[in-house]
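Colleague: Got a predicted structure here, sequence first:
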Amino acid sequence: MPKINRLGGMNVTVLDASSVGLMIIVIGWSTQIYHTWKNGNTMHPLFLLFYSLGTLVVAAGGMTRGFAALDPVTILNLVAFLLAILVLASIAPLDERESERKPKRKK
């Protein structure tokens, strides 16, 4: 939950790592939805990049007490990060090869 602090007479909103990570994930999903509406049902690499970065930030927020006190949610976020990176690594070369094989669309 965002906290509001007073700083020099101004209200300043301070976000925790989980909120920032979830915002990054939402940006990723927004990118994917836009790409799907525009180009059909294909996975966009930017979605995976934002999603993996967001899950890493959320996991980092859960690691504030160090590696010895990892909870299951933090571990699951780290697994989601690794899986998203693996999928990103596997589709990025395919996108380049597919663009070479397919004729370009006429606009």
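Modeller: Now that the structure is in, tell me what you want to look at. Numbering: from 1, shown residues only.

Colleague: any idea how far Phe47 is from Leu70?
Modeller: Distance of Phe47 to Leu70, computed by Cβ to Cβ, to the nearest Å: 27 Å. Yep, even glycine has a C-beta here, placed from its N, CA and C like the rest.

Colleague: which stretches of this structure form helices?
Modeller: 17-39, 45-62, 72-101 (DSSP state H).

Colleague: any idea of the angle the last one forms with helix 17-39?
Modeller: Same thing as helix 72-101. 30 degrees (axes from the mean of the first three to the mean of the last three Cα atoms, to 10 degrees).

Colleague: if we can go back for a sec, could you check which of Phe47 and Leu70 has the larger neighbour count?
Modeller: Phe47 (23 against 14; other Cβ atoms under 10 Å).

Colleague: Is it correct that the more buried one is in contact with Gln32?
Modeller: Yes: using Cβ atoms under 8 Å, Phe47 is in contact with Gln32, at 3.7 Å.

Colleague: just to revisit the earlier point, mind putting the helices of the chain into TSV with mean pLDDT?
Modeller: Converted to TSV, those look like this (pLDDT from 0 to 100):
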stretch	mean pLDDT
helix 17-39	93
helix 45-62	92
helix 72-101	80
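
Colleague: Out of these, which is the most enclosed?
Modeller: helix 45-62 (a mean of 21; mean count of other Cβ atoms under 10 Å).

Colleague: From Ile25, how far out is Thr55?
Modeller: In terms of Cβ to Cβ, Thr55 sits 7 Å off from Ile25.

Colleague: contacting residues for the residue nearest the centre of the chain?
Modeller: By Cα atoms, centre = their mean, the chain has its centre lying nearest to Tyr51, at 1.8 Å. Contacts for Tyr51 (Cβ atoms under 8 Å, 6 or more residues apart in numbering) come out as Ile25, Gly28, Trp29, Ala80, Ala84.

Colleague: repeat that with 6 Å
Modeller: Ile25, Gly28, Ala84 (Cβ atoms under 6 Å, 6 or more residues apart in numbering).

Colleague: cool, and Ala84?
Modeller: Leu48, Tyr51, Ser52.
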